[in-house]
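Engineer: Just need the structure, nothing else, for what follows:
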Amino acid sequence: MASGKILIATRGSALALAQSNMVLAQCQATFPELQFELRVIKTTGDKLQTASLAQEGSALPKGLFTKELEVELLNNRADLAVHSLKDLPTELPQGLKLGATGKREDARDVLIYRDAASLKQAALNSKDSAVASLRGFPPALQIKDLPDGAIVATSSTRRRAQLLEQNPGLKVPDIRGNVLTRLVKFFDNPDLDGTLLAIAGLRRLNYKLSSDGMLVGEGVPKGLRGTLLSPEVMLPCVGQGAVGIEIRAGDERLEKICERLNDLETFQCTTAERAFLAGMGGGCQSPVAAFARVAGKNLKMDALSFASGPVRRAQATRPLAEAAQLGQQLAAELARE
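Structural biologist: Numbering: from 1, shown residues only. You can find the predicted model right below:
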């Protein structure tokens with residue numbers, strides 16, 4: 001393989017850099033004879049998040065966190081672009097392709113809330129009226145256990161729809177920003193009772209749920225708890241927990257690199273999920289969800305849609321080689337209902 005520095009485009013957020021450094025380390029270990037370097041690019045989504053959340057309360061356009069990285073690829077100013085796969089539109093610009101997916105992390109969501117016992121102790125120790133105004137809950141809190149009128153903040157239409165399906169009495173306002181920003185913003189706001197995040201992002205930032213359910217990590221407010229939500233309770237979004245590597249189509253050198261970086265099981269599962277999303281005509285903010293997993297020689301996938309009113313669900317199984325057809329089948333089934 002020809003030598004020469006290979007540039008890896010990435011966003012500059014903490015999570016994006018954590019994921020890109022994972023890819024960089026894998027590249028360096030797999031191809032010690034080649035030189036790789038990260039190139040940080042600011043995207044439209046990053047600019048909006050630092051401009052008083054200019055899009056808050058409105059739908060976000062496709063490609064919000066990917067467009068500028070793709071421009072770098074097309075102009076040969078970068079060779080690989082690393083994305084959270086859930087942010088990558090299913091319809092890519094002409095000349096680009098999804099070259100590989102890294103091994104998927106846990107795809108589940110986690111319900112984040114304040115620990116009632118920690119708040120009580122903090123109030124006793126500090127006699128701070130601000131602490132006393134915060135509401136907490138006992139361990140292992142579930143969505144259905146939240147009281148009527150509780151406020152769970154999320155910017156995801158998928159999460160919002162599933163929250164309200166399980167607990168119609170909830171209020172679900174927007175919350176945006178990077179992971180740590182959301183955690184701090186939630187904890188300090190007495191009007192909020194909970195929020196939802198992907199456990200994959202938390203783990204990649206070295207935040208952990210302890211054995212007793214407390215959320216710990218650098219910068220995390222003390223007294224936060226988390227409950228991991230099964231896919232039966234909160235079906236993940238398409239591609240959640242997976243990292244996608246985008247490249248120029250027809251570039252043999254990059255395709256050979258991606259062959260070695262690709263996790264086949266993740267690629268098959270997310271191919272099915274992305275085919276479903278494409279069939280539903282949606283982007284990462286669409287009120288749909290899908291989660292595929294390998295079962296022997298087959299792929300099994302659950303999908304749901306809130307696109308036209310009440311939730312519609314479907315499940316199907318097909319051979320591993322028919323990943324795209326599986327997604328298309330479920331999209332067609334839900335579109336008919």
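Engineer: just the helices in the protein please.
Structural biologist: 14-30, 44-49, 67-74, 116-126, 129-132, 157-166, 179-188, 199-204, 252-261, 264-279, 323-336 (DSSP state H).
Engineer: Residue 227: which of these is closest?
Structural biologist: helix 199-204 (10.5 Å; CB to CB). For every residue, glycine as well, the C-beta is placed using N, CA and C.
Engineer: mean confidence score for the closest one?
Structural biologist: The pLDDT scores in helix 199-204 average 97.
Engineer: Name the surrounding residues that touch it.
Structural biologist: Residues from elsewhere that reach helix 199-204 (CB atoms under 8 Å, 6 or more residues apart in numbering): 15, 18-19, 22, 84, 104-110, 179, 208-209, 215, 217, 226, 228, 240-241.
Engineer: let's see it at 6 Å
Structural biologist: Here helix 199-204 makes contact (CB atoms under 6 Å, 6 or more residues apart in numbering) with 15, 18, 105-106, 108, 110, 179, 241.
Engineer: Quickly check the residues you listed for the two that are furthest apart.
Structural biologist: Among the contacts of helix 199-204, 18 and 108 lie farthest apart (CB to CB), at 18.5 Å.
Engineer: Just name the closest of the contacts of helix 199-204 to residue 42, please.
Structural biologist: residue 15 (14.8 Å).
Engineer: Could you list the low-pLDDT ranges of the stretch 51-200 of the chain?
Structural biologist: 51-64, 126-129 (pLDDT under 70).
Engineer: Could you list the domains of this protein?
Structural biologist: 1-102+239-262, 109-229, 263-337 (automatic domain parsing).
Engineer: Excluding covalently adjacent residues, which one is nearest to residue 226?
Structural biologist: Nearest residue to residue 226 in three dimensions, chain neighbours excluded: residue 110, at 4.4 Å (CB to CB, 6 or more residues apart in numbering).
Engineer: The one you found and residue 5: what is the separation?
Structural biologist: As judged by CB to CB, to the nearest Å, residue 110 and residue 5 stand 38 Å apart.
Engineer: coming back round to it: please identify the most buried of the domains of the chain.
Structural biologist: Ranked by mean neighbour count, the domains of the chain are led by domain 263-337 with a mean of 19 (mean count of other CB atoms under 10 Å).
Engineer: Need the residue closest to the centroid of the chain.
Structural biologist: Nearest to the mean C-alpha position of the chain, counting by CA atoms, centre = their mean, stands residue 240 at 4.5 Å.
Engineer: Just confirm that one contacts residue 87, I think it does.
Structural biologist: No: using CB atoms under 6 Å, residue 240 makes no contact with residue 87, being 10.3 Å away.
Engineer: Quick check: the nearest residue to the residue nearest to the centre of the chain once chain neighbours are set aside vs residue 145, distance?
Structural biologist: Once flanking residues are discounted, residue 240 sits nearest to residue 107: 4.7 Å by CB to CB, 6+ apart. Distance, residue 107 to residue 145, by CB to CB: 23 Å.
Engineer: before we move on, what about residue 136?
Structural biologist: 13 Å.
Engineer: now residue 256
Structural biologist: Residue 256 is 51 Å from residue 145, by CB to CB.
Engineer: Model confidence for residue 236, exactly?
Structural biologist: With respect to pLDDT, residue 236 has a value of 97.
Engineer: That one contacts residue 104, correct?
Structural biologist: No: contact criterion CB under 6 Å: residue 236 and residue 104 do not qualify, at 10.2 Å.
Engineer: Which one of those two is surrounded by more residues?
Structural biologist: residue 236 (24 against 20; other CB atoms under 10 Å).
Engineer: which non-adjacent residue is nearest residue 301?
Structural biologist: Here the residue nearest residue 301, using CB to CB, 6+ apart, is residue 292, at 3.9 Å.
Engineer: Distance check, that neighbour against residue 173.
Structural biologist: In this structure, residue 292 and residue 173 are 31 Å apart, going by CB to CB.
Engineer: and the gap between residue 225 and residue 112?
Structural biologist: For residue 225, the distance to residue 112 - CB to CB - is 7 Å.
Engineer: typo on my end, it should be residue 301
Structural biologist: Distance from residue 301 to residue 112, by CB to CB: 27 Å.
Engineer: same question, residue 18
Structural biologist: Counting by CB to CB - residue 18 and residue 112 are separated by 19 Å.
Engineer: how about the helices of the chain in CSV, adding distance to residue 150?
Structural biologist: Below are the helices of the chain laid out as CSV (distance: least, CB to CB, whole Å):
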stretch, distance to residue 150
helix 14-30, 27
helix 44-49, 26
helix 67-74, 36
helix 116-126, 13
helix 129-132, 18
helix 157-166, 10
helix 179-188, 13
helix 199-204, 21
helix 252-261, 43
helix 264-279, 30
helix 323-336, 30
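Engineer: Now do the same contact list for residue 19.
Structural biologist: 82, 243.
Engineer: Oh, that last question was meant for residue 27, not what I typed.
Structural biologist: Contacts of residue 27 by CB under 6 Å, 6+ apart are residue 36.
Engineer: Nearest residue to residue 145 in space, ignoring adjacent ones along the chain?
Structural biologist: Here the residue nearest residue 145, using CB to CB, 6+ apart, is residue 137, at 7.6 Å.
Engineer: for residue 262, same thing?
Structural biologist: Closest to residue 262 by CB to CB, 6+ apart is residue 100, at 3.7 Å.
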